[in-house]
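Novice: kindly generate the corresponding structure for this input.
(2 chains)
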Amino acid sequence: MSKVRTRFAPSPTGRMHVGNLRTALYAYLIARHAGGDFILRIEDTDQERKLEGAEQIIYNTLDKAGLHHDEGPDKDGGVGPYIQSERQAQGIYLEYAKKLIEKGEAYYCFCDQERLDTLKVKSGDVTISHYDKHCLQLSPEEVQAKLDAGVPYVIRQNNPTEGTTSFCDEIYGEITVDNLELDDMILIKSDGYPTYNFANVVDDHLMGITHVVRGNEYLSSTPKYNRLYDAFGWEKPVYIHCPLITDEDHQKLSKRKGHSSFEDLLEQGFLPETIVNFVALLGWSPGGEQEIFSLKELEEIFDYTHMSKTPAVFDMKKIAWMNGEYIKAMDFDRFKDLAMPYVTETIHREMNFDKILSMVKTRIELFTEIPGHIDFFEAVAEYDVSMYKHKKMKTTPETSWKVLKEILPVIEAQDNFENDALYEMLVAFAKEHEYKNGYVMWPVRTAVSGKQMTPGGATELMELLGKEESIKRIQDAIAKLEAETPCQD
RNA sequence: GGCUCCAUGGUCAAGUGGUUAAGACACCGCCCUUUCACGGCGGUAACACGGGUUCAAAUCCCGUUGGAGUCACCA
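Specialist: Okay, the predicted model is just below:
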C-alpha cells in the first residue's frame, strides 16, 4: 500500500465557507490518521473570480484551524508548482489535453457562444444544455485550418453516448450513470486555462493523490473524471464525497445568516478550536459519547468509514454551546487575553478586571456577549422600576424603596467593602428586620446595576464598584423610585 | 424536468436482523443559589408511508412520498 496523500484544493475567491473548511479538515484528518501527506493546492484557473488577498485568507484560515499542510505553494514537495495558474503557464494542461486528442478522447471545438445558446433548452425552471458533438465531425484538415486562422477554440472531452459508467465512492458505494448523461465537458477554455474538471484530474494524478476528498456536489460529475483517468490509463483514486452542510431551513449556508465562513464565525466570537470541533462532528461521529475533541484527538480517532450520507444542518445553538464549553475549560490567562479587548471597549475606568472576567467566564458562550454583561459597571443605563418587582423574592418597587432607604445608612457605615464582609452585613441586616435574604439582595443588586441579570450577586458587584460608587447608585435608585413609583406612604 | 444520491426526535447523531431505539444541543420541570448563569437530577420528543423477505426488520428488497445535489468556457 502506498502512502496516503490527500489534498485540499480551494479557489482563492474569498472567505472560506465552513463546508469547505470541513472538507479540508477531513482531508487533513484522513492523511494524518494514516501517517500520510496533506497537500495544499491553489485552484486559480478562473481568472474572473480570482480575488486579491484571497490566497492569504486560505493560509490564515488553515493556520488558525491548525490544519498544517506538508506540501503547498510555500512548501515544495517535488511535485509542484502547487498553484494552477503557474502550472498552466508551464503548459502542463495543454500538453495532457493534446494527448487526449491524439487518443480520440478529446477534440477541438470552435463553436461560439451564439451557437451554444441555441443548444440550450428550458427544463422545469432551469436552462440546461448538452453539447451536440458538432465539432467532432470536423476533419483534421478543417481543424488545422481553423487553428491556423486563429479561431478561438476550446478542447472538449469526447464521451461515449452508449453504455454506462460506474465508480465506487467510499461513502455512497457504487454509482452508475448512463453515458448519455455525460456531457462533453470543456477541458481547456478558450483563454487557455483548464477547467476545474480537467486540472483537478491531471494534478491529482501528477501529485500522487491517493484519496480524493471533496464535497457531495461533485458526486454526479465523478463518472466524467473517471473516464479521464481511464483515457489516460491512470490509476483512479479513492473517492470520499462529504455530505453537504446546510442552514436551519435545509438550504445552502448563506452569508445573511452569519455562518457562511470561518472568518464570519471568528468575528461572531467563536474560537477556532470550537469551529473545528463542531464541524468535525457534522457528518461524522466517533460513536462514543464524547463531544469535545482536540484536533490531536481527532487525528487519532478519525475514521472516514463512519461518515454519514445525509446533509447536516449547521445548528448555531449547538456550536454556541460548544464554544461555551471551550471557554469554561480555558485557562484564565488565555481567556483574559481574548476577552480584554471587549472589556476595555466597554469599561473606561480602573476596576478589578480579573474579578470581573472570572465572573463572566462561566456565563458566556461568545466573547461578543461580554459588553452586554458588564456595561453597567461603566454606567447604569435607563431602566424601568418594574424591575424591582420579583415574585419569588416577594419584592415590589415599594418594598424595594423601603429596604433601600433602611439599608443605606448601614452601607454608609460599612468600612470593609470586601464581598464577604458585605454579605455578612446584608444577611445580618435581613435577619434583624426579619426579611428573607433575597428580599434585601434583589433591590440592592438592581439598584447598583439597573439590570435584570448580572455576572455576580449584590455584594460582589458592590465590592467591584467600591463604596463611593455603590452608595451613589443606591441613592440614585431611591430617588428614581420616589419619582416613578405611583404609591408611596 | 432528466439523472444521481439520501431518509432515526426540532437539530447533530448511535445503531449494520433479536436493544426498554444510546448520547448531545434546544425545550420543559425540580434542586442548588444574594439575580442570571454554571453545576446536579428528571421529563417531553424519532425509526416518512405502503408492500414484501424472515420465526424475528429502524436494520434486507420493491414501490410511494419527501428532501438534496447536479445538468456552465464556476469550482
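
Novice: which elements pack onto the helix or strand hosting residue A:86?
Specialist: Residue A:86 belongs to helix A:84-89 when assigned by DSSP states H and E. Counting contacts by 3 or more Cβ pairs under 8 Å, 6 or more residues apart in numbering; DSSP states H and E, helix A:84-89 packs against helix A:196-206. (C-beta placed from N, C-alpha, C; glycine too.)

Novice: who does the helix it packs on touch, helix- and strand-wise?
Specialist: Counting by 3+ Cβ pairs under 8 Å, 6+ apart, helix A:196-206 packs on helix A:84-89, helix A:92-102, strand A:186-188, helix A:222-232.

Novice: low-confidence ranges in the stretch 101-250 of chain A?
Specialist: Across the stretch 101-250 of chain A, no stretch falls below the confidence threshold (pLDDT under 70).

Novice: those strands in it, which residues are they?
Specialist: For the stretch 101-250 of chain A, applying DSSP state E, counting those that start in this stretch gives strands covering A:106-109, A:121-123, A:126-128, A:154-157, A:164-169, A:173-178, A:186-188, A:211-215, A:238-242, A:245-246.

Novice: could I get those in TSV, plus columns for distance to RNA strand B and mean neighbour count?
Specialist: Output for these, formatted as TSV (distance: least, Cβ to the nearest atom of the strand, whole Å; neighbours: other Cβ atoms under 10 Å):
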stretch	distance to RNA strand B	mean neighbour count
strand A:106-109	8	23
strand A:121-123	3	9
strand A:126-128	4	9
strand A:154-157	5	23
strand A:164-169	8	15
strand A:173-178	5	12
strand A:186-188	4	24
strand A:211-215	8	21
strand A:238-242	8	22
strand A:245-246	7	20
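
Novice: can you redo these as a markdown table with distance to residue A:330?
Specialist: Below are these laid out as a markdown table (distance: least, Cβ to Cβ, whole Å):
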| stretch | distance to residue A:330 |
| --- | --- |
| strand A:106-109 | 55 |
| strand A:121-123 | 53 |
| strand A:126-128 | 48 |
| strand A:154-157 | 52 |
| strand A:164-169 | 39 |
| strand A:173-178 | 42 |
| strand A:186-188 | 50 |
| strand A:211-215 | 31 |
| strand A:238-242 | 30 |
| strand A:245-246 | 26 |
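
Novice: how distant is the helix holding residue A:86 from the center of its chain?
Specialist: Per Cα atoms, centre = their mean, to the nearest Å, the displacement of helix A:84-89 from the mean C-alpha position of its chain is 29 Å.

Novice: partners of residue A:156 in the sheet?
Specialist: Assessed by DSSP bridges, residue A:156 has beta-bridge partners residue A:107, residue A:186.

Novice: repeat for the one 10 residues further on
Specialist: Listed by DSSP bridges, the beta-bridge partners for residue A:166 are residue A:176.

Novice: so who does it touch?
Specialist: Listed by Cβ atoms under 8 Å, 6 or more residues apart in numbering, the contact set of residue A:166 reads A:174, A:175, A:176, A:177, A:223.

Novice: between these, which is closest to residue A:430?
Specialist: Closest approach to residue A:430 among the contacts of residue A:166 (Cβ to Cβ): residue A:175, at 72.8 Å.

Novice: surely residue A:39 is in a strand?
Specialist: Yes - Residue A:39: assigned to a strand according to DSSP: H, G, I helix; E, B strand; the rest coil.

Novice: for RNA strand B, what's the nearest residue on the stretch 351-489 of chain A?
Specialist: residue A:457 (2.3 Å; Cβ to the nearest atom of the strand).

Novice: that residue against residue A:445, yeah?
Specialist: Yes - assessed by Cβ atoms under 8 Å, residue A:457 is found in contact with residue A:445 at 6.4 Å.

Novice: and the two? Which one has more around it.
Specialist: residue A:445 (22 against 17; other Cβ atoms under 10 Å).

Novice: now the more buried one: how far from residue A:400?
Specialist: Going from residue A:445 to residue A:400 by Cβ to Cβ, to the nearest Å gives 11 Å.

Novice: picking up where we left off before, format the contacts of residue A:166 as JSON lines; extra columns: distance to residue A:295.
Specialist: JSON lines is the format used below for those (distance: Cβ to Cβ, whole Å):
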{"residue": "A:174", "distance to residue A:295": "33"}
{"residue": "A:175", "distance to residue A:295": "32"}
{"residue": "A:176", "distance to residue A:295": "37"}
{"residue": "A:177", "distance to residue A:295": "37"}
{"residue": "A:223", "distance to residue A:295": "34"}
